[in-house]
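**Student:** Pasting the sequence and the predicted coordinates here, then a few questions.
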Amino acid sequence: MKLETDPMHAFGLRPSPRSFARWLGALAIALSWSAAASGSKPGGHSGGGEGGAAAPHFVAMAPLDVPIVEGDRADGRLKITLVLEAADAAGASALETRLPECREAALAASIEFARLRASPSSPVDAQRLANDLSIALRPVDRAIAAVLLVEVSARRA
């Protein structure tokens with residue numbers, strides 16, 4: 001008899017990558033809200049002085065949907081949902097005004113990634129995609145502290 005070490009398998013549950021990505025995105029947003037809420041309470045700051053950790057500032061982008069081109073035909077679709085993390089509140093508000101430029105840069109980087117490194121029959125290298133998007137987006141606005149992938153999927157057309 002094989003002993004299962006994964007607690008999800010013990011109950012016969014196996015989350016899909018899509019539901020897992022949504023769960024992680026929801027967790028990240030919930031943690032940021034709880035951090036922001038605890039930072040705004042009078043007793044929420046532990047420790048003395050000005051050196052407390054600032055709450056993260058997120059700016060959500062509309063989902064991207066780009067073709068996966070293999071040879072001379074579109075073989076599938078790469079769907080990406082991402083959130084930009086700003087360094088501070090002023091950076092987040094400035095980032096919201098530059099969101100069309102950020103979307104343009106993210107779209108160009110996503111199309112290039114889909115053309116070179118994506119296939120509907122293999123998993124998407126999310127780490128490489130996040131790195132490519134970071135390289136493309138940081139010159140657009142220096143207030144971007146991180147590019148966070150909430151959902152990534154590659155499907156046949």
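**Tutor:** Arrived safely, thanks for sending.
**Student:** What ranges in this structure fall below the confidence cut-off?
**Tutor:** 1-54 (pLDDT under 70).
**Student:** rerun at 50
**Tutor:** For the chain, applying pLDDT under 50 flags the ranges 1-4, 6-11, 40-51.
**Student:** which residues in it form helices?
**Tutor:** Applying DSSP state H to the chain gives helices spanning 7-10, 17-40, 89-97, 99-117, 126-137.
**Student:** Pull out the CA atoms of the fourth one and give them to me as CSV.
**Tutor:** Coordinates of the C-alpha atoms in helix 99-117 are reproduced here as CSV (Å, rounded to 0.1, in the frame of the first residue of the first chain):
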residue,chain,number,x,y,z
LEU,A,99,-1.7,51.8,-17.2
PRO,A,100,-2.3,52.0,-21.0
GLU,A,101,1.5,52.2,-21.6
CYS,A,102,2.1,49.4,-19.2
ARG,A,103,-0.5,47.3,-21.0
GLU,A,104,1.1,48.0,-24.4
ALA,A,105,4.5,46.9,-23.1
ALA,A,106,3.1,43.8,-21.4
LEU,A,107,1.2,42.9,-24.6
ALA,A,108,4.3,43.2,-26.7
ALA,A,109,6.4,41.1,-24.3
SER,A,110,3.6,38.5,-24.0
ILE,A,111,3.3,38.1,-27.8
GLU,A,112,7.1,37.6,-28.0
PHE,A,113,7.0,35.1,-25.2
ALA,A,114,4.1,33.2,-26.9
ARG,A,115,5.9,33.2,-30.2
LEU,A,116,9.2,31.9,-28.9
ARG,A,117,8.5,29.9,-25.7
